[in-house]
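*Asks:* Sequence and computational prediction follow.
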Amino acid sequence: MIAGNQLFNVYDDELVAERAAARKQVEAFNALGESDPAKSQALIRQLFGSTGDAVSVHANFRCDYGYNIYVDDDFFANYDCVMLDVAPIRIGKHCLLGPKVQLYSVNHPAEPELRRNGAMGIGKPITLGDDVWVSGGAIICPGVTLGNNVIVGAGSVVTKSFGDNVAIAGNPARVIKSIAPKSAVDD
């Protein structure tokens, strides 16, 4: 499942139990809301596979397993984000996710017999580089990699990978402009 190179049974007993355990952690996190930020972030750090410094996630948050989510330093996810982490979701430093951003590392087969009742799935990892900003309501599809310094426009559907220093938008997302690398801005 995590490797993303073969179909897996979504209803495997072990996977069902792992999703149920993650759901309990997520429900505890969401129940806190903003009443206890320190405890909320401790729950996120327990849920995720790894976190850097300065990690902030607002409720309501949803994920499948949690342990396949890896975020680096200075990460922020706004309200109502969904990360379906069947395969690893890796997020670099200084990244922002707007409200209602969705990252889907899971897909289902094209053959109707295999996808009936959602029984079979296939994972494809998602990777976001450093300094990525995904604006509100955007969807990142399975297997997508975004380079460093990428901005994703609000409501975009990202179906393929993009390199560094671009702003992308639309459905499907496409490059709408190049962005000067940080070193060029600082000079």
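*Replies:* Great, that's in hand. Residues are numbered from 1 along each chain as shown.
*Asks:* so how many other residues sit close to Val57?
*Replies:* 24 (other Cβ atoms under 10 Å). Where you see a C-beta, it was placed from the backbone N, CA and C, and this is true even at glycine.
*Asks:* which residues does the residue nearest to it when sequence neighbours are not counted contact?
*Replies:* Once flanking residues are discounted, Val57 sits nearest to Ala77: 4.5 Å by Cβ to Cβ, 6 or more residues apart in numbering. By Cβ atoms under 8 Å, 6 or more residues apart in numbering, Ala77 lies in contact with 56-58, 61, 97, 101.
*Asks:* Please apply the same query to Cys63.
*Replies:* 22, 26, 47, 69, 82-85.
*Asks:* Give me the phi and psi for it.
*Replies:* phi -150, psi 170 (degrees, to the nearest 10).
*Asks:* The residue nearest to Val57 bridge partners, please.
*Replies:* Val57, Leu97 (DSSP bridges).
*Asks:* Local confidence estimate at it?
*Replies:* Note on Ala77: pLDDT of 98.
*Asks:* I'd like to know which of the contacts of Cys63 are part of helices.
*Replies:* With helices taken from DSSP state H, the overlap with the contacts of Cys63 comprises 22, 26, 47.
*Asks:* Give me the number of neighbouring residues for the closest residue to Leu47 other than its chain neighbours.
*Replies:* Nearest residue to Leu47, sequence neighbours excluded (Cβ to Cβ, 6+ apart): Gly66, at 3.7 Å. A count of nearby residues for Gly66, using other Cβ under 10 Å, gives 23.
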